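Student: Here is a sequence with its predicted model. Questions after.
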Amino acid sequence: MTVAAVILADSVESALADADGQPRVRRLADVAWSGGAIPIVVVAPNSDGTVATALAGAPVTLAEPAPVEGGPVAQIVRGIEEARATVRETVAALVWPARMAWVGPETVTSLIEAYGPGGDALLRPAYEGESGWPVVVPVSALDDLRRLAADRMPGELVDDLAAAGREVRLLDLGDPGTVHDGSVRRADLPPYRGPAEPAGGHRHEWGAAIADRPDEPLEGPALSPFEPARSGD
């Protein structure tokens, strides 16, 4: 079972905003890989090459955004389609706004394991009853996504999918980073209240602690780094 991470930044500034000494998209790429997401796709503008530079050496595909008139839903569809083009076996994607910079690797692992083989529901993490990000969206929801309005924001799109009949499950994983974005300093986050082990009982042997240390960025194998987004021909 392959679950991708689709990291969405609507501007270069959002992609490169500081996250404890790292550009946001770099930290999120490291966390996603450490948590077990494959492939990792970053959908972000890169007109001056600075986003690609920030991601240098990470196992990431940097995809050109969809036309802006398509709205947030077009960016989500773009990222999922790019993930499927990169790894054909991709069954779902963690849809991840770049502003959510403090999500932990164990939350990624827990969401992937909770999705499980044959899953078809959207999975959304929660913290003390508040729903957050990233949201696991099955590939089977792509047609439903394409029918949604361009002016809807990401949270509204999840509600729209639920209204269209898609099951949405909340998982309270106790990670404050799922509901507090980069406008909150990491040092000011509420305490982590998650389970001692991920949902499936498996713990990655490395990575979780390292991802919490900005002075030791994770490095992984170069799995299609910075390939330009394919035109879909």
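Tutor: Yep, that arrived.

Student: Which residue ranges of this protein form strands?
Tutor: 2-8, 18-19, 22-23, 40-43, 61-63, 90-97, 122-127, 130-131, 135-138, 168-172 (DSSP state E).

Student: how many other residues sit next to the nearest residue to Thr86 once chain neighbours are set aside?
Tutor: Excluding the flanking residues, the one nearest Thr86 by C-beta to C-beta, 6 or more residues apart in numbering is Pro39, at 4.3 Å. For every residue, glycine as well, the C-beta is placed using N, CA and C. Using other C-beta atoms under 10 Å, the number of residues around Pro39 comes to 24.

Student: measure the residue most central in space within the chain to Ile7 for me?
Tutor: Residue closest to the average C-alpha location in the chain (C-alpha atoms, centre = their mean): Trp96, at 3.1 Å. Note on Trp96: its distance to Ile7, by C-beta to C-beta, to the nearest Å, is 5 Å.

Student: Ala163 now?
Tutor: 26 Å.

Student: Pick out whichever of these two has more residues nearby.
Tutor: Ile7 (30 against 9).

Student: The residue nearest to Thr86 contacts Glu89, doesn't it?
Tutor: No - between Pro39 and Glu89 there is no contact, the gap being 10.1 Å when judged by C-beta atoms under 8 Å.

Student: anything in contact with each of the two?
Tutor: Between them, Pro39 and Glu89 share these contacting residues under C-beta atoms under 8 Å, 6 or more residues apart in numbering: Thr2.

Student: wait, what's in contact with Ala32?
Tutor: Contacts of Ala32 (C-beta under 8 Å, 6+ apart): Ala5, Ile7, Ile40, Leu94, Trp96, Val108.

Student: what's the longest helix along the chain packed up against?
Tutor: When the chain is parsed with DSSP state H, its longest helix is helix 71-86. When contacts are defined as 3 or more C-beta pairs under 8 Å, 6 or more residues apart in numbering; DSSP states H and E, helix 71-86 sits against strand 2-8, strand 40-43, strand 61-63, strand 90-97, helix 142-146, helix 154-163.

Student: Can you say which of the ones you listed is packed in most?
Tutor: strand 40-43 (a mean of 30; mean count of other C-beta atoms under 10 Å).

Student: Give me the sheet partners of it and which way each runs.
Tutor: Here strand 40-43 has these sheet partners by DSSP bridges: strand 2-8 (parallel), strand 61-63 (parallel).

Student: picking that back up, let's have the helices and strands packed on helix 71-86 in TSV, adding distance to Ala121 and mean pLDDT.
Tutor: Below are these laid out as TSV (distance: least, C-beta to C-beta, whole Å; pLDDT from 0 to 100):
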stretch	distance to Ala121	mean pLDDT
strand 2-8	13	97
strand 40-43	22	98
strand 61-63	26	97
strand 90-97	10	97
helix 142-146	13	96
helix 154-163	10	96
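
Student: Kindly reformat those as JSON lines containing distance to Glu128.
Tutor: Below are these laid out as JSON lines (distance: least, C-beta to C-beta, whole Å):
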{"stretch": "strand 2-8", "distance to Glu128": "24"}
{"stretch": "strand 40-43", "distance to Glu128": "28"}
{"stretch": "strand 61-63", "distance to Glu128": "34"}
{"stretch": "strand 90-97", "distance to Glu128": "20"}
{"stretch": "helix 142-146", "distance to Glu128": "29"}
{"stretch": "helix 154-163", "distance to Glu128": "17"}
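
Student: Nearest to Leu173, out of the ones you listed?
Tutor: Leu173 lies closest, by C-beta to C-beta, to one member of the helices and strands packed on helix 71-86: strand 90-97, at 12.8 Å.
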